[in-house]
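1. Fold the following.
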Amino acid sequence: MSTDSTKPLLQTVNLSRAAVLAWYDAQGRELPWRVRPDARARGMQPDPYRVWLSEIMLQQTVVASVRGYYAAFLTRWPKVEHLAAAPLSDVLSAWAGLGYYARARNLHACAQMVMDHHDGIFPQTEAGLRALPGIGDYTAAAMMAIIHCAPTNVIDGNIERVMARLHRHNTPLPRAKAQLKAIAAHYVTPIRAEDWPQALMDLGAIVCRPKNPDCNACPLNQFCAAAKAGDATSYPRRAPKKVKQVRFGAAFVLRRHDSVLLRRRPAKGLLGAMSEVPGTVWGVEKGTSKLWLEEAPVTAKWCACGTVRHVFTHFILMLDVYEAEAPESYQINEGWWAALNALDDEALPSLMRKVLAQADMPPK
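-> Numbers count the residues shown, from 1 in each chain. Below you'll find the model as predicted:
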């Protein structure tokens, strides 16, 4: 194969597809939202709601992290109309810990739009799906392939990695994304269109792993340029990572007997509409205890509990944690008292769970 070719030979495409699909039939993962080829042959069809829910949950997240959340969502909201009718706060609470919380807000908004504008039926075109909240090019293409057997060009991180190694493609990510998508397009055909992207995803997750790929077990071994060169782990190439900015702030864990003070973050923005303990603005300047405590929700005997480090996509947050018992005279003007033994029912992001744990008050 040509190192940076975007047009592989047709014979190679056909042989590669046949090898991957045969491997998928024998080794593909059993997933709760997936209808395997043998089941589909018996007349079983994928549920659009379940496929959509799984695809949104799997964005930026691995299968192992999603399984429990997926099962819990289906138990609580088995159909799109149930999810659409649920309060957003309940959806955020059920999502807490899965990360990338805009997905949960878009999930809820999408369910409502499907009910309000599409009579509870997901659109059956890529353009129609892309018009829904939280559904981009990848999710729309995946849903069309998996649900409707459409020959769409589905590209995720696993498929990019397989294509980059298969062709030993030297352009670094993220600049290579369009080129890898163009390469992958040559492998898309109407034959088993629903299985092809799922087979590639499984191959990337099980065999063509980011680290320690099992090239000897790979059905593409005889065609893969990187495997032949012995440098599969060098692909896909990546541009040097930018050093993440560090931001600083303080969080205040205010107790009253067996409760803790929580408030709601703004609906838009980072961790939008999630629950949090009161805190300062996060800035690039590291403050002192004296400065931080000037922004505490109440004058009290605040004790320093240490610092929580949390990594976001674009920056690192260092959050100094303080805890205190609320004065008896204190009347809250924002938020609510949440019982410590019911914190699992709150929409607390991972960051806030770290903060509470630092103050020795983890959710029960």
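2. Same question for stretch 174-192: list its buried residues.
-> When burial is assessed from 16 or more other Cβ atoms under 10 Å, stretch 174-192 yields the following buried residues: 176, 179-181, 183-184, 186-188, 192. From N, CA and C alone the C-beta is placed, and that goes for glycine too.
3. Filter the residues you listed down to just the ones in helices.
-> Among the buried residues of stretch 174-192, the members falling in helices (DSSP state H) are 179-181, 183-184.
4. I'd like those as a markdown table, with distance to residue 313 and pLDDT appended.
-> Written out in a markdown table, the entries for these read as follows (distance: Cβ to Cβ, whole Å; pLDDT from 0 to 100):
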| residue | distance to residue 313 | pLDDT |
| --- | --- | --- |
| 179 | 24 | 96 |
| 180 | 21 | 96 |
| 181 | 22 | 96 |
| 183 | 27 | 95 |
| 184 | 25 | 96 |
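5. which two in these are spaced the farthest apart?
-> By the measure Cβ to Cβ, those have their two most distant members at 179 and 184, which lie 9.8 Å apart.
6. Packing partners of the helix-or-strand element of the chain with minimal mean pLDDT?
-> Counting by mean pLDDT, DSSP states H and E, the weakest-scoring helix or strand in the chain turns out to be helix 37-41, with a mean of 88. Helices and strands touching helix 37-41, by 3 or more Cβ pairs under 8 Å, 6 or more residues apart in numbering; DSSP states H and E: there are none.
7. Kindly indicate which of the buried residues of stretch 174-192 lies nearest residue 102.
-> Sorting the buried residues of stretch 174-192 by how near they are to residue 102, with Cβ to Cβ, puts residue 181 at the top with 23.7 Å.
8. Identify the residues contacting that closest one.
-> Applying Cβ atoms under 8 Å, 6 or more residues apart in numbering, we find residue 181 in contact with 153, 155.
9. just to revisit the earlier point, now the ones in helices among the buried residues of stretch 174-192 as a markdown table including distance to residue 136?
-> Supplementary listing: those in a markdown table, determined by distance: Cβ to Cβ, whole Å:
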| residue | distance to residue 136 |
| --- | --- |
| 179 | 19 |
| 180 | 17 |
| 181 | 13 |
| 183 | 20 |
| 184 | 16 |
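10. In the least confident helix or strand of the chain, which residues are buried?
-> If you call a residue buried by 16+ other Cβ under 10 Å, then helix 37-41 has these buried ones: 37, 40.
11. Check stretch 231-247 too.
-> In stretch 231-247, residues buried by neighbour count (16+ other Cβ under 10 Å) are 232, 235-236, 247.
12. the helices in the stretch 151-300 of the chain, which residues?
-> With DSSP state H, counting those that start in this stretch as the definition, the stretch 151-300 of the chain shows helices at residue ranges 157-166, 177-185, 195-206, 225-229, 289-293.
13. Nearest to residue 38, out of those?
-> Closest approach to residue 38 among those (Cβ to Cβ): helix 195-206, 11.1 Å.
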